[in-house]
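Asks: any chance you can model this:
(one chain, ligands or ions: 1)
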Amino acid sequence: MKTVSILGSTGAIGVQALDVARMHGIRVAALAAHSNVELLAKQAEEFRPKLICVYDEAFADKLYDLTKETGAEIVTGMDGLCKATTLDSAELVLNGVVGTIGLKPTLAAIEAGKDVALANKEALVAGGDIVMEAVRRKGINLYPVDSEHSAIFQCLQGSRRRDLRKIILTASGGPFFGKRRKELENVTVSQALAHPTWKMGKKITVDSATLMNKGLEFIEAMRLFGVSADEIEIVIHRESVVHSAVEFRDGAVIAQLGVPDMRVPIQYALTCPERLESPVKALSLTDYGSLSFYKPDFEAFDCIKSALSAAAEGGTAPAIVSGADEEAVALFLSEKINFLQIGELVSGALKAISPRPLRTPGDVYEAVSEARDYVIKTYENRLK
Ligand code: MG
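Replies: Numbering: from 1, shown residues only. Got it, this is the predicted structure:
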């Protein structure tokens, strides 16, 4: 089994990845987290990585005190994150970082020839073809961790790309499924964080409530599987049992099913092509009885429209949407804007900022920070 570096080890994906590592005795080369040094230190004590990174360097001294005994090297910031990904002993990098911050370490891992298990969808959305071009040039394996993309990846095993007609990308619909736009105005942060089927981090849970998550995943699927926008159909599927499906040219549809538990796609990304035992509950179709499917409501959930138009525009447009969304979700989580304003700020950013061609990672960072600035300034101007 491959030795892994885990970025975002104290987040929802990281913690579940370490569950998988614990169960199968997967060795850990490096751990990296944003600022939760108490949990990071506990993880380090158990998994004994060579290197530990805390992104926020204000926590470095505390982390050092907590992990002295392990003898691990402590690093900080973006340089530290990249060091954790490029460590000689790491064969696979699991990137569970939230946001476009994950792009640089993803590229660093690929350039260093590491296989990548990617949970950080923003890197792929904002990074455009830069990431996939690097993957092809270096010949590394990129394993999707996102449940839908893992499903599509699994459904495509053993088939020919030219036979693929369409991807059916499923979406739970989030906690506000069925609500009209008017009814979304006063929904609270805690209501937005109460996802019906998946246990995830805060940013992605809010993105699931606005359906921005599905918009980002739509672009993620275009990149990962080299399909165009009209080759993907988004279908709301309330039970989150069908994790996505592919349709071939003869009309055959292959879907991947299972109970909603991220440890399945995480484990497959870490051990692919091996399938190992898992403590995840077995799927009982008769317990469910029936499964439901609906068309998405693009009017009430307008974030998804911004993502689709960014996909059509190309260049830095997806980076603008991704950056604006990150900032708008942060404002919503700190109760500074209401739920519908997330979508307004994202579409506002896309209108206000002209997308440019995307050639280098620098173009991505510039577009992302321009979009974040737009959101902050628009919010501040409203207060005046
Ligand atoms: Mg997903």
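
Asks: what sits against the closest residue to Lys199 other than its chain neighbours?
Replies: Spatial nearest neighbour of Lys199, excluding adjacent residues (Cβ to Cβ, 6 or more residues apart in numbering): Ala12 at 6.7 Å. Yep, even glycine has a C-beta here, placed from its N, CA and C like the rest. Neighbour list for Ala12: 96, 199-201, 262 [criterion: Cβ atoms under 8 Å, 6 or more residues apart in numbering].

Asks: repeat the analysis, applying 10 Å as the threshold.
Replies: Applying Cβ atoms under 10 Å, 6 or more residues apart in numbering to Ala12 gives the contacts 96, 98, 119, 198-202, 204-205, 262.

Asks: out of those residues, which are inside helices?
Replies: Among those, DSSP state H puts 202, 204-205 in helices.

Asks: what are the ranges of the strands in the stretch 51-200 of the chain?
Replies: Applying DSSP state E, counting those that start in this stretch to the stretch 51-200 of the chain gives strands spanning 51-54, 73-76, 92-95, 115-118, 142-144, 164-171.

Asks: repeat that for the stretch 201-350 of the chain.
Replies: If DSSP E, counting those that start in this stretch is used as the criterion, the strands of the stretch 201-350 of the chain fall at 232-237, 242-248, 253-257, 293-294.

Asks: and of the ones you listed, who's closest to the ion?
Replies: strand 242-248 (8.3 Å; Cβ to the ion).

Asks: so the closest one, near the ion or not?
Replies: No - against the ion, strand 242-248 shows no contacts by Cβ under 5 Å from the ion, the least distance being 8.3 Å.

Asks: partner strands of that strand, with direction?
Replies: Within its sheet, strand 242-248 is paired with strand 164-171 (antiparallel), strand 253-257 (antiparallel), according to DSSP bridges.

Asks: give me the residue from the stretch 1-150 of the chain nearest the ion.
Replies: Counting by Cβ to the ion, the stretch 1-150 of the chain gets nearest the ion through Asp146, at 4.2 Å.

Asks: distance check, the residue nearest to Lys305 when sequence neighbours are not counted against the ion.
Replies: Computed as Cβ to Cβ, 6+ apart, the closest residue to Lys305 that is not its neighbour in sequence is Phe298, at 5.4 Å. Computed as Cβ to the ion, to the nearest Å, the Phe298 to the ion distance reads 19 Å.

Asks: phi first, then psi, for Phe298.
Replies: With angles defined as degrees, to the nearest 10, Phe298 sits at phi -70, psi -20.

Asks: give the contact list for the nearest residue to Asn36 once chain neighbours are set aside.
Replies: Sequence neighbours aside, Thr10 is the residue nearest to Asn36 in space, at 4.1 Å (criterion: Cβ to Cβ, 6+ apart). Contact partners of Thr10, counting by Cβ under 10 Å, 6+ apart, are 18, 31-40, 42-43, 54, 96.

Asks: Glu73 too?
Replies: Counting by Cβ under 10 Å, 6+ apart, Glu73 makes contact with 30, 49-53, 67, 80, 83-84, 87.

Asks: name the nearest residue to Arg161, sequence neighbours excluded.
Replies: Using Cβ to Cβ, 6+ apart and skipping residues adjacent in sequence, the residue nearest Arg161 is Gly226, 7.6 Å away.

Asks: check what pLDDT the one you found gets.
Replies: Looking at Gly226, its pLDDT stands at 95.

Asks: count of neighbours near it?
Replies: 12 (other Cβ atoms under 10 Å).

Asks: that one contacts Leu164, doesn't it?
Replies: Yes - using Cβ atoms under 10 Å, Gly226 is in contact with Leu164, at 9.5 Å.

Asks: can I get the strands of the stretch 51-200 of the chain in JSON lines including distance to Ile6 and mean pLDDT?
Replies: As requested, the strands of the stretch 51-200 of the chain are arranged in JSON lines below (distance: least, Cβ to Cβ, whole Å; pLDDT from 0 to 100):
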{"stretch": "strand 51-54", "distance to Ile6": "10", "mean pLDDT": "98"}
{"stretch": "strand 73-76", "distance to Ile6": "14", "mean pLDDT": "98"}
{"stretch": "strand 92-95", "distance to Ile6": "5", "mean pLDDT": "98"}
{"stretch": "strand 115-118", "distance to Ile6": "9", "mean pLDDT": "98"}
{"stretch": "strand 142-144", "distance to Ile6": "14", "mean pLDDT": "97"}
{"stretch": "strand 164-171", "distance to Ile6": "27", "mean pLDDT": "98"}
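
Asks: I'd like those strands laid out as a markdown table, including distance to the ion.
Replies: Shown next, in a markdown table, are the strands of the stretch 51-200 of the chain (distance: least, Cβ to the ion, whole Å):
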| stretch | distance to the ion |
| --- | --- |
| strand 51-54 | 25 |
| strand 73-76 | 30 |
| strand 92-95 | 15 |
| strand 115-118 | 12 |
| strand 142-144 | 9 |
| strand 164-171 | 8 |
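
Asks: tell me the spacing between the nearest residue to Pro265 once chain neighbours are set aside and Val131.
Replies: Nearest-residue entry for Pro265: Ser150, 3.5 Å, with adjacent residues in sequence omitted and distances by Cβ to Cβ, 6+ apart. Taking Cβ to Cβ, to the nearest Å as the measure, Ser150 falls 17 Å from Val131.

Asks: and if you look at Ala117?
Replies: Ala117 is 14 Å from Val131, where distance means Cβ to Cβ.

Asks: out of those two, which sits in the busier spot?
Replies: Comparing Ala117 with Val131 by neighbour count (other Cβ under 10 Å), the higher total belongs to Ala117, at 31 against 24.

Asks: list the residues that contact that one.
Replies: Contacts of Ala117 by Cβ under 10 Å, 6+ apart are 2, 4, 6, 13, 17, 92-96, 109, 141-145, 150, 265-272.

Asks: again, only using 8 Å
Replies: 4, 92-95, 143, 145, 266, 269-270.

Asks: partners of it in the sheet?
Replies: Note on Ala117: beta-bridge partners by DSSP bridges are Leu94, Tyr143.
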